[in-house]
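Sequence below, structure please.
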Amino acid sequence: RQLLGAAPAAAPDDLSELTFVGTGSAVPCKHRNVSGISLRMRRGGAILLDPGEGTFDQLLRGWAGRDPGEERRRRLREVAAVWISHPHADHHLGLMRFLTERRALAGPGDPVVVVAPSPVLKFLDEVASVDPYLRGTYLPVDCRDTAEGCPHPASDLLFRALGISACLSVPVQHC
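Got it, this is the predicted structure:
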């Protein structure tokens, strides 16, 4: 209580918003979804982390109290990047729907920077080759290209859109 009481009150413009739209589930549903996290930055701009299947619906459900029209379109346009940790389906199957629905609801706009392992990017490219509506909705960045000492041309876009000073991927062993 003392620690929380001692923290200075932040102005609304200084607040970020972290939303867990899913923390793990064998089957996505509205009460418990597979992985998915949305981080909205202080001055606008947002990044999705590991958007599993159902992430789009969970995001819309979370924004339900807001104006269903323009507010949702604005929030969708704010998503400048998606980061996918590894190629398990529960961490990326919501990506295609998010990208196509974002385009449908928010208009063409800027492509979303997708930072992901190469198998996910190859999968996304294959889907885009048969789904023309997905084309042009994303800018692929192999996560190995965001390791320390490997600046990627899209890094500047991420820095401007999200107001961050670095975006680093750290390789780890995962099953």
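
Could you grab the helix/strand/coil label for H152?
Classification of H152 using DSSP: H, G, I helix; E, B strand; the rest coil returns coil.

Ignoring the adjacent residues along the chain, who's closest to it?
Spatial nearest neighbour of H152, excluding adjacent residues (CB to CB, 6 or more residues apart in numbering): D145 at 4.4 Å. C-betas here are computed from N, CA, C, even on glycine.

Show me the beta-bridge partners of the residue positioned nearest the centre of the chain.
Centroid-nearest residue in the chain, with CA atoms, centre = their mean: L48, separated by 1.6 Å. Counting by DSSP bridges, L48 is bridged to S38, V82.

Touching, it and R40? I think so.
No: the criterion here is CB atoms under 8 Å, and L48 misses it with R40 at 10.1 Å.

Is it correct that F123 falls within a helix?
Yes: F123 sits within a helix when classified using three-state DSSP.

What separation is there between it and S129?
Using CB to CB, to the nearest Å, F123 is found at 11 Å from S129.

So for these two, which sits in the more crowded spot?
F123 (18 against 10; other CB atoms under 10 Å).

give the contact list for that one.
87, 92 (CB atoms under 8 Å, 6 or more residues apart in numbering).

For it, give its distance to R75.
Distance check for F123 against R75: by CB to CB, it reads 26 Å.

R97 too?
Per CB to CB, R97 is found 16 Å from R75.

same thing with M41?
For M41, the distance to R75 - CB to CB - is 12 Å.

of these two, who's got more company?
Per other CB under 10 Å, whichever of M41 and R75 has more neighbours is R75, with 21 against 17.

tell me which element the more buried one is part of?
Secondary structure from DSSP states H and E places R75 in helix 70-78.

can you give me the offset of that helix from its chain's centre?
On the basis of CA atoms, centre = their mean, to the nearest Å, helix 70-78 sits 14 Å off its chain's mean C-alpha point.

Can you name every helix or strand that it contacts?
helix 95-106 (3 or more CB pairs under 8 Å, 6 or more residues apart in numbering; DSSP states H and E).
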